[in-house]
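**Student:** Structure for this input, please:
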Amino acid sequence: MKVSVVSTLLLASSAIAGRSPQHVNKKLPERVRSVPAGLPAVGLDKRAAAKKKHHIIPQNKNTTKYAVDGTKIPDVDFDIGESYAGLMPISSQQNASELYFWFFPSEDTHASDEILIWLNGGPGCSSLEGLLQENGPFKWDYGSSPSAW
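**Tutor:** Just a heads-up that it's a prediction; the model follows:
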């Protein structure tokens, strides 16, 4: 029993000691963005098309006040395309509580009337990263090893 506990502690301490903070705030080399033969090049072509200012959602005073400039997202060096964000009151009462939203219209022609609501996180935990990276238009590379467990 003692041998297994000691060996587990030694293994854990060697794994922790082997982790270096040198990966923090370092940019990874730019990845080659290639698409295997036979697959459509989706991401980059959509981003280029988004710059042509073709709007999926009709533009009016109710939508333009929530429009997000997709070229101004920090640490993202491309246009993420059309999206809308802001605070909306939960009732018509004065000083009502507001909920934050970020809406990405679907670029899929087969999903013209579908909306996905992303609810994760919890008290004190933002769901924004999950929305953007798991269902949204981009991913952040943190700089740590992809093969570390």
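**Student:** looking at the protein, which helix or strand is least sure?
**Tutor:** helix 43-50 (a mean of 48; mean pLDDT, DSSP states H and E).
**Student:** Pull the contacting residues for the residue lying closest to G136 once chain neighbours are set aside.
**Tutor:** Take G136 and drop its neighbours on the chain: the residue closest to it by Cβ to Cβ, 6 or more residues apart in numbering is F104, 6.2 Å away. Quick note: C-beta positions are derived from backbone N, CA and C, even for glycine. By Cβ atoms under 8 Å, 6 or more residues apart in numbering, F104 lies in contact with G81, E82, S83, N135, G136, P137.
**Student:** Among those residues, which one sits closest to D113?
**Tutor:** Distance ranking of the contacts of F104 against D113, using Cβ to Cβ, places E82 first at 16.5 Å.
**Student:** so what's the closest one up against?
**Tutor:** E82 neighbours (Cβ under 8 Å, 6+ apart): A50, H55, I56, I57, A67, G70, F104, P105.
**Student:** so which helix or strand takes in it?
**Tutor:** Here E82 is covered by no helix or strand, with elements defined by DSSP states H and E.
**Student:** in the chain, which spans are helices?
**Tutor:** 2-18, 43-50, 61-64, 128-130 (DSSP state H).
**Student:** For the third one, give me every contacting residue.
**Tutor:** By Cβ under 8 Å, 6+ apart, the surrounding residues in contact with helix 61-64 are I57, Y84.
**Student:** And the average pLDDT for it is what?
**Tutor:** Averaged across helix 61-64, pLDDT comes to 88.
**Student:** Need the CA coordinates for that helix. PDB is fine.
**Tutor:** Taking Å, rounded to 0.1, in the frame of the first residue of the first chain, the C-alpha atoms of helix 61-64 are listed here in PDB:
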ATOM      1  CA  LYS A  61     -32.200  50.200 -36.500                       C
ATOM      2  CA  ASN A  62     -32.900  47.200 -34.300                       C
ATOM      3  CA  THR A  63     -30.000  45.100 -35.700                       C
ATOM      4  CA  THR A  64     -27.400  47.700 -36.500                       C
END
